[in-house]
Structures are given as C-alpha cells and as structure tokens.
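>>> missing the sequence, but the structure's below:
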C-alpha cells in the first residue's frame, strides 16, 4: 500500500490487490484517526475527513486526475508507483 502523497497532515494511499477487492479506481485518504475513500473524480465513496481537509483533497484530485489514473494503471499492471506533487 504505497503512500503516494502527504500534505497538511493528510496521507493518501493507493492499494494494490490481486484478488480484485480494489478493482474500482480509488484512493484512501487518512487524516489523524479519520479515513475516507475517494474515486478518481473526487467523489467520496465512504468514510469522512474534516471539511477543510476534504476540500483540499478534492482540489488535489481535480488537479491530478490524469496522473492518478496513470498511477492506478501502473500499480495494477506492473506493481510500481510514483509519488504525486502535493498542493502548495
């Protein structure tokens, strides 16, 4: 479960699972004890993070949607990953 990004206390991960559990493109977001799952369009699928952090994550996803899709494909096809730039 590679950490692809950390910024403002937010940790974003993308999981690899050969058994198919992670078949829909998504990321896992953690802030302190709260966790959420987002699709790569910025929609929250489950869980929650504080409002301000949620808005930061959604903005970041919008900016990096193409990279996230490329990363998803790379992780699931080759088991490799790269880090993506944080918001500044």
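Thanks, I have it. Given the structure is predicted, the values throughout are model-derived calculations rather than measurements.
>>> Model confidence for the residue positioned nearest the centre of the chain, exactly?
Residue closest to the mean C-alpha point of the chain, counted by C-alpha atoms, centre = their mean, is residue 27 at 2.9 Å. As summarised for this prediction, residue 27 has a pLDDT of 92.
>>> any idea how far residue 34 is from it?
Taking C-beta to C-beta, to the nearest Å as the measure, residue 27 and residue 34 are separated by 15 Å. C-beta coordinates here come from the backbone N, C-alpha and C atoms, glycine included.
>>> Then residue 5?
Separation of residue 5 from residue 34 (C-beta to C-beta) stands at 17 Å.
>>> now the strands for the protein?
3-7, 10-13, 26-31, 34-39, 44-47 (DSSP state E).
>>> residues in contact with the last one?
The set of residues external to strand 44-47 that reach it, using C-beta atoms under 8 Å, 6 or more residues apart in numbering, is 26, 29, 34-39, 54.
>>> which among the residues you listed gets closest to residue 62?
Taking C-beta to C-beta as the measure, residue 62 sits nearest to residue 38 out of the contacts of strand 44-47, at 11.0 Å.
>>> beta partners of the closest one?
When bridges are taken as DSSP bridges, the partners of residue 38 come out as residue 27, residue 44.
>>> Kindly give a single ChimeraX line that selects the buried subset of the contacts of strand 44-47.
For selection in ChimeraX, the members of those meeting the burial criterion (16 or more other C-beta atoms under 10 Å) are listed in this command:
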select :26,29,36,37,38,54
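>>> hey, which helix or strand in the protein has the poorest pLDDT?
For the chain, using mean pLDDT, DSSP states H and E, the weakest element among its helices and strands is strand 3-7, scoring a mean of 91.
>>> and the two most separated of the contacts of strand 44-47?
So for those, where distance means C-beta to C-beta, the most widely separated pair is 34 and 39, at 18.0 Å.
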